[in-house]
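> Okay, here's the prediction I keep looking at, along with the sequence it came from:
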Amino acid sequence: MRFGAHVSGAGGLYLAPINGKALGCEVIQIFTRSPQMWTAKALVASELERFKSSVIENGIEAVYIHAPYLINLASANSRVWNGSIGMLREELERGSELGCRGMMFHPGSAKDVGRENGLELVIEGLNKIMSGYKGKCQLLIEISAGAGEVMGDTFEELALMLKGANRGDEIGICFDTQHAFASGYDLRTEVGLNEVFDKFDRLIGLDRMILSHCNDSKVDFGVHKDRHEHLGRGRIGKESFKFLVNHPKLQHLDLILETPMDDGKEGAQGAGEVGSRGEDMAILKAFRNLTP
Ligand SMILES: [Zn+2]
Ligand SMILES: [Zn+2]
């Protein structure tokens, strides 16, 4: 199991691995563009080279991309739907150029069309994104917290997306401890956590889970809100992360912290009143070094 965090590449993507190393990351997650905009500047050769060298120099073993927030593959608005498909494919191509391991996205909300039609739209979208794609950066669907009609909050629905898409067997899953907890998967005890991952294994297969976002929760179990908290300072609790880090069937995962930023600047999650990313990383590393 490798540990990392979402890090900023503001001022130049090559800075992201430097920021990652400063935090003790073995893997990192980045935005390759502003997460609130539909368009992005093309990556030029010098930028690509500088980024790749920085990844190596800073000892980063894998890089993931978080897709922009605007995406909605379940939208009834054809401009949004087509724009989402175009942007996700573009991010996969950019990710391949940058040498990234994978790119995760939230499927989006089916509030206009309902879950059933939403699922069809998502599957059709996945087919379009993957059509003719030859790159190495893997498309990953992230589990959601499921507010309203937000798609992808249950293992059953994620399984339907993967089974329904033409190249669904090439698509992976990005787990998120906070989203899963808010969606009604109880990770608070060792028994509960084992049951959750056993269920995932039955319905999807743990080999399809490539990474997990690693966040405690500001909100209670099952309330369907996306609110991250520092490890051990939320409703999931510190112990759960010990079980996660030491779970024998999850050792292939990369864990990415998306806990509140110390400066509140990048990412959807604001600064926490207490705790820091550095402390979160220290907690994970201490759990990994436990001898059973
Ligand atoms: Zn996440
Ligand atoms: Zn989240």
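Perfect, I can see it now. Ligands and ions are numbered 1, 2, ... in the order given.

> Helices of the stretch 101-250 of the chain, residue ranges please.
Taking DSSP state H, counting those that start in this stretch as the criterion, the stretch 101-250 of the chain carries its helices at 114-130, 155-164, 177-182, 190-203, 238-245.

> elements contacting the last one?
In this structure, helix 238-245 packs against helix 177-182, helix 190-203, strand 209-214, helix 277-288, with contacts taken as 3 or more C-beta pairs under 8 Å, 6 or more residues apart in numbering; DSSP states H and E. In this view, the C-beta of every residue, glycine as well, is placed from N, C-alpha and C.

> who touches it?
Helix 238-245 is contacted by residues 1, 177, 187-190, 193-194, 212, 214, 216, 231-232, 250, 255, 283-284, 287-288, 290 when judged by C-beta atoms under 8 Å, 6 or more residues apart in numbering.

> The shortest one too?
Residues external to helix 177-182 that are found in contact with it (C-beta under 8 Å, 6+ apart): 142-146, 153, 187-188, 196, 212-217, 219, 221-229, 234-236, 240-241, 244.

> is any part of that helix close to ligand 1?
No. Under the criterion of C-beta under 5 Å from the ion, helix 177-182 makes no contact with ligand 1; the nearest approach is 6.1 Å.

> Contact partners for residue 16?
Contact analysis of residue 16 by C-beta under 8 Å, 6+ apart lists 7, 8, 9, 28, 30, 51, 54, 63.

> Considering these, which is situated nearest to residue 91?
Among the contacts of residue 16, residue 30 lies closest to residue 91 (C-beta to C-beta), at 11.0 Å.

> got a pLDDT number for the closest one?
pLDDT, residue 30: 97.

> go on, residue 35?
Looking at residue 35, its pLDDT reads 88.

> now swap in the one 4 residues further on and tell me
You'll see residue 39 listed with a pLDDT of 88.

> could you measure it against ligand 1, distance?
Applying C-beta to the ion, to the nearest Å, the value for residue 39 to ligand 1 is 24 Å.

> Same question for residue 194.
The gap separating residue 194 from ligand 1 is 22 Å, by C-beta to the ion.

> now residue 284: how far from residue 18?
Between residue 284 and residue 18 the computed distance is 20 Å (C-beta to C-beta, to the nearest Å).

> Who has more neighbours out of the two?
More crowded of residue 284 and residue 18, by other C-beta atoms under 10 Å: residue 284, with 22 against 15.

> pLDDT score assigned to the more buried one?
Reported pLDDT for residue 284: 97.

> That one and residue 214 touch, don't they?
Yes. Between residue 284 and residue 214 there is a contact under C-beta atoms under 8 Å: 7.0 Å.

> Mutual contacts of these two, please.
3, 231, 241, 255, 257.

> Which phi and psi values does the fourth one adopt?
The reference is to residue 255. phi -110, psi 130 (degrees, to the nearest 10).
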